[in-house]
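**Q** fold the following for me, if possible:
(chains A and B)
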Amino acid sequence: MPTAPQLLKLSRLYDAARRLSEDGPARAAYFLLVTTVAFWPTLAAAHLLNDFRDAQYCAVFEEAARLSVVKFHELPLWDPYYCGGVPGLGTPSAWFASPTFLLTLLFGTLRGDALIGFAMTVIGLEGTYRYVRARGGGSLASMTAAPVYALSGVFAHTGALGWTHFYGFELVPWALLGIRLALGGSRRGLVLAALAVGWMIGFGGTYTGPLTALAGALEVFFAVAQVATDARRVAYTLGMAALVGLLAAGMSVVRLWPVAETLASSPRIIGGTGGLSRVEIWRALFGTSDNHFLRADFLIGLPVLPLVIAGAFRKRSLPVVMGLVIWVWLALGYKLHTSLFALLRGVPPYTMLRAPERFLVFVALVAAALIAVGIRKLEALGRRKGRYLLLALVCYALVLADTGVLITNARAETFARPMVPPPPVVDRPFHQSRGNRWVAAYYPFMSRGTLSCFDDYNVAQAPELRGDLEQEEYLASPDDGTVTETSWSPDRIELHAELTRAARVYVNQNWHPGWRSTAGVVVSDGGLLAVDLPAGTTDLTLRFLSRSALAGLGTLGAALLVAGVLVWRARKGDLIAPGREALVTAALCASPFAVTLLAAVLIHEPRRPPPPLVTPSGEPMIVEAPPEGSLPVEARWDGIVLEASTLTVEPVGDTTSVTVELDWRLSKKPPPGLGVFVRFEKAKDHFNADHVLLSDLMALEDAPIGKTVRDVAAVVVIPPDKAPGTWNVYAGLWRARRDGQRLRILGGINGTVSDNRVQVGSFTVEP
Amino acid sequence: MAPGMTTYFGVTVATACVCAAIVRSGSHRVGGRTAPTLEQAHAIFEASAAREPQERRQSKGEFPASPWSQDDDFHNKEAKQAKEYANKHRVTVGGVLDALDTGMRAHWETASSSVPSPKVMPCRPRLSY
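**A** Down below sits the predicted model:
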């Protein structure tokens, strides 16, 4: 045991460290030092391009936005560089609608990306410190525990994949802190929460916002539980929660509306993961002995585990521990019979979430809070008995060791990135190129768009886009006259047309309702942007100004003004008194939506035409009965019948093409998230033709009840090396966007074969 | 340490870290590789156009039931070839991609008379990866 003088020295040392942690600049210095060490290799490679496929396409969005501002001096509303043109603010994975865009503008897209990660980490460290403090942690403990969240494995891992928008999670502590303060009536808290949420929504991604809303709801639940006996205080707390939601929504409309438009026109049907088992969760949080517990996708670090457990036993930790249980339960996904994730996926917008393991992000935040709360207890005890202070210092040593583990993980993730030399910059007139999504980032740097693209939703992309045009605007026939591009920028195209007769001018980009023209009529020609012009000479300007973007920007401006007013009023008194003051604040928070409503009423925009409900061959998709000559199947599931099937087999050159038609009839609305599986089998050979959209148009849950819905899948081409022999084709239903399990088949004419599937036909290919 | 000194120390270290980060992020330059010559560009386009039918056939075998995946798989092969060529001939990947784009737009003649498809399949991601 140390002697009394030694303990006194320790105590003085501890007090000095605590004072340092309370001093803003000193704390910032610590956070910046930690971040600099963690990001040193990232910064060293900042000039290079991440060659990972996701990093390639994510970089396109930021570079396209940068070009719009720097080269064309306009807002990045339309991104012509990807998929033939997509709305910039409506792209879920774009992160330019954020203050960090300034770094991109100042330093370029590649270098800016490294600096964005650096800046967001520092912001996350300070946010975690403040949130953990608010949760009852001491200043020194909160400061040292902050890296447990802000440097946790998720940021290292997603950063290495090029998913920069995941740094939006660094704003979660700020949002939760703001919500906590706001629930107590703080104006500043209200503004802080709204700004943090608005920023993270602007920063993109489909997970940050919904997951933070859930964490915020937990904060509200616990705040309400604390005042549950007082109805007026409950009402006040809920009212403040509503104000946070209102102001945050006002700041987020600029992204929420365009993204909602995108996802409404382009359903996100990609399947998901089933969740993690308990062992996998352990490995995701702490690593394995194989990697010396130094690497994991959601790494928290093993050194702090005892501190987390110790902190969990404090009475004041109860809400945090309950949060921990909920996050782990959600991360288990469908691995538990009673799946909280399955329940959550019934509620929009959580229906589109597909990776339950991402809830582990919050486990790191909970861990940071528990560590700080636990150490604080020791510190308090240490004032009476010196040995507790000694124990607290051991805890600090463990937390610092953990920071070392997290830095090691971050650096290892950085070194594992496939970095390549930056794309060459070629400044010249824009053209669409056939492109290549695997190397998508090269194209905007070379003044080219890449038509070949990927996103995790069906992009509204015109099939007639071309990558070989000498002019990006053209007429159907040279006899119609001529059209010349006189000026081009992403949001604005100026044309000079001399037409011998009324004709359609085609622009080699996707149509969107936000495209407007000073002459003629803007139309969608099979998804291609086009303008119908009269005969004669016409100078016209095509502009992209979507209602959602304009309304969103206006609403954002108004919301920022309201935030300014609230902060100004907070100088006289931060607390919002119940009654008149609360009502005035509510009116203020709601006022930005006047701009939204005004824009919705005043700005006219055509609706995106629904796709015609026809099969790929142009026949009606919704009919009274299956086509004549089809094979009766009558396989039954609960409320769903597969009435018949048709296999059309045709030799095409040395291959065989097969078209499978399945005719469905619903007697009641099916559960959401179903998919159709189709399996081709021949001896040991097999392949699948699974799909979610019937005839590539309609989800099963959207199909009309009491009608036959013809589901004609894409033509299957069986290559010669697979073809000879008899192929059996089986079909069935599965929860494609849920737990991946097949639906129980109740029977059918052909009988169930096995595994809840039914044979829908067979064909033989001669050698 | 006196409170004023703490702040002074903090500001100094914080500023130094920010400066170091900015300098470090901009302290490297890449050089050495140039764009392919016109002759090389023609060769790149020629080889790529000649390979395309066979590679698309292979992609159909990989993903018989998904036209977008077939197209996407072909592009994956094309990207790998572009990188391989760039590494082998010490030219930029961007330059190789630009050769493919230029050749297609200028309708360069090829010995194999293969014409690369100027269109792509609209993005229809698979259910799972």
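
**Q** for B:Met104, give its distance to A:Tyr506.
**A** Distance, B:Met104 to A:Tyr506, using CB to CB, to the nearest Å: 18 Å. Bear in mind the C-beta positions are built from the backbone N, C-alpha and C, glycine included.

**Q** between the two ends of stretch A:259-270, what distance do you get?
**A** Start-to-end span of stretch A:259-270 (CA to CA, to the nearest Å) is 17 Å.

**Q** buried residues in that stretch?
**A** A:259, A:261-263, A:265-270 (16 or more other CB atoms under 10 Å in any protein chain shown).

**Q** show residues contacting that stretch.
**A** A:86-87, A:89-92, A:206, A:352, A:354, A:456-460, A:546, A:548, A:608, A:692-693, A:699, A:737, B:125-129 (CB atoms under 8 Å, 6 or more residues apart in numbering or on different chains).

**Q** before we move on, what about stretch A:557-566?
**A** Under CB under 8 Å, 6+ apart, the answer for stretch A:557-566 is A:187-188, A:190-191, A:194-195, A:198, A:247, A:250-251, A:585, A:588-589, A:591-592, A:594-595.

**Q** how about 7 Å then?
**A** A:187, A:190-191, A:194-195, A:247, A:250-251, A:588-589, A:591-592, A:595 (CB atoms under 7 Å, 6 or more residues apart in numbering or on different chains).

**Q** show me which helix runs longest in chain B.
**A** Criterion DSSP state H: the longest helix present in chain B is helix B:38-62.

**Q** for chain B, state which of the contacts of stretch A:557-566 is nearest.
**A** Nearest to chain B among the contacts of stretch A:557-566, counting by CB to the nearest CB, is A:Leu195 at 22.1 Å.

**Q** rewinding a little: which of the residues in the next helix or strand after the longest helix of chain B are buried?
**A** The element immediately downstream of helix B:38-62 (helix or strand, assigned by DSSP states H and E) is helix B:67-89. Buried residues in helix B:67-89, counted by 16+ other CB under 10 Å: B:67-79, B:81-83, B:85-86.

**Q** which secondary structure elements does the least confident helix or strand in chain B by mean pLDDT contact?
**A** Counting by mean pLDDT, DSSP states H and E, the weakest-scoring helix or strand in chain B turns out to be helix B:3-25, with a mean of 92. On a contact count with 3 or more CB pairs under 7 Å, 6 or more residues apart in numbering or on different chains; DSSP states H and E, helix B:3-25 meets helix A:24-44, helix A:109-134.

**Q** which residues touch the helix or strand that the last one is followed by?
**A** To tie it back to what came earlier, the one meant is helix A:109-134. The element immediately downstream of helix A:109-134 (helix or strand, assigned by DSSP H and E) is helix A:139-150. The contact list for helix A:139-150 (CB under 7 Å, 6+ apart) reads A:17-18, A:21-22, A:27, A:30, A:34, A:121, A:124-125, A:128-129, A:132-133, A:137, A:170, A:173, A:300-301, A:304, A:364-365, A:367-368, A:371-372, A:375-376, A:396, A:399-400, A:402-403, A:406.

**Q** show me what the following helix or strand past helix A:139-150 is packed up against.
**A** Moving toward the C-terminus from helix A:139-150, the next helix or strand (DSSP H and E) is helix A:153-161. With contacts taken as 3+ CB pairs under 7 Å, 6+ apart, helix A:153-161 sits against helix A:386-415.

**Q** let me know the average pLDDT across the helix it packs on.
**A** What helix A:386-415 shows for mean pLDDT is 94.

**Q** and that helix, which residues are buried?
**A** A:386, A:388-393, A:395-396, A:398-399, A:402-411, A:413-414.

**Q** among those residues, which are in reach of chain B?
**A** Among the buried residues of helix A:386-415, no residue sits close to chain B (CB under 7 Å from any CB of the partner chain).

**Q** burial count for residue 13?
**A** No chain was given, so I picked chain A. A:Leu13 has 11 neighbours, counted by other CB atoms under 10 Å in any protein chain shown.

**Q** meant chain B actually
**A** Neighbourhood size, B:Val13 [other CB under 10 Å]: 18.

**Q** correct me, but it touches A:Ala28?
**A** No. With contact defined as CB atoms under 7 Å, B:Val13 does not reach A:Ala28; the gap is 8.4 Å.

**Q** can I take it that A:Phe166 is in a helix?
**A** Yes. The assignment for A:Phe166 by DSSP: H, G, I helix; E, B strand; the rest coil puts it in a helix.

**Q** ok, for it, nearest residue in space, not its chain neighbours?
**A** Nearest non-adjacent residue to A:Phe166, counting by CB to CB, 6 or more residues apart in numbering or on different chains: A:Thr158, 3.7 Å away.

**Q** same question for A:Gly239.
**A** Nearest to A:Gly239 is A:Ala582, by CB to CB, 6+ apart, at 6.3 Å.

**Q** so what's A:Leu469 up against?
**A** Contact analysis of A:Leu469 by CB under 7 Å, 6+ apart lists A:431-432, A:508.

**Q** and chain B, which of those contact it?
**A** A:His431.

**Q** and of the contacts of A:Leu469, the nearest to B:Arg29?
**A** Closest approach between these and B:Arg29, by CB to CB: A:His431, at 28.7 Å.

**Q** in this structure the closest one contacts A:Glu472, no?
**A** Yes. Using CB under 7 Å, A:His431 is in contact with A:Glu472, at 6.2 Å.

**Q** what's the closest non-adjacent residue to the residue of the stretch 601-750 of chain A found nearest chain B?
**A** Among the residues of the stretch 601-750 of chain A, A:Ala689 lies closest to chain B, at 3.3 Å counting by CB to the nearest CB. The spatially closest residue to A:Ala689, leaving aside those adjacent along the chain, is B:Ala65, at 3.3 Å (CB to CB, 6+ apart).

**Q** count the residues that sit near that neighbour.
**A** Considering only other CB under 10 Å, B:Ala65 is surrounded by 23 other residues.

**Q** ok, now A:Leu743?
**A** 18.

**Q** nearest residue to it in space, please, no chain neighbours.
**A** Leaving aside its sequence neighbours, A:Leu743 sits nearest to A:Leu733 (CB to CB, 6+ apart; 4.2 Å).

**Q** was I right about that neighbour contacting A:Gly673?
**A** No. Counting by CB under 7 Å, A:Leu733 stays clear of A:Gly673, with 10.8 Å between them.

**Q** tell me the secondary structure for the nearest residue to A:Leu340 once chain neighbours are set aside?
**A** Leaving out its chain neighbours, the residue that sits closest to A:Leu340 by CB to CB, 6+ apart is A:Trp329, at 4.7 Å. Under three-state DSSP, the three-state class of A:Trp329 is helix.

**Q** still on that earlier bit, buried residues, the longest helix of chain B. List them.
**A** Quick answer for helix B:38-62 (16+ other CB under 10 Å): B:40-42, B:44-46, B:48-52, B:55-62.

**Q** sounds good, over and out.
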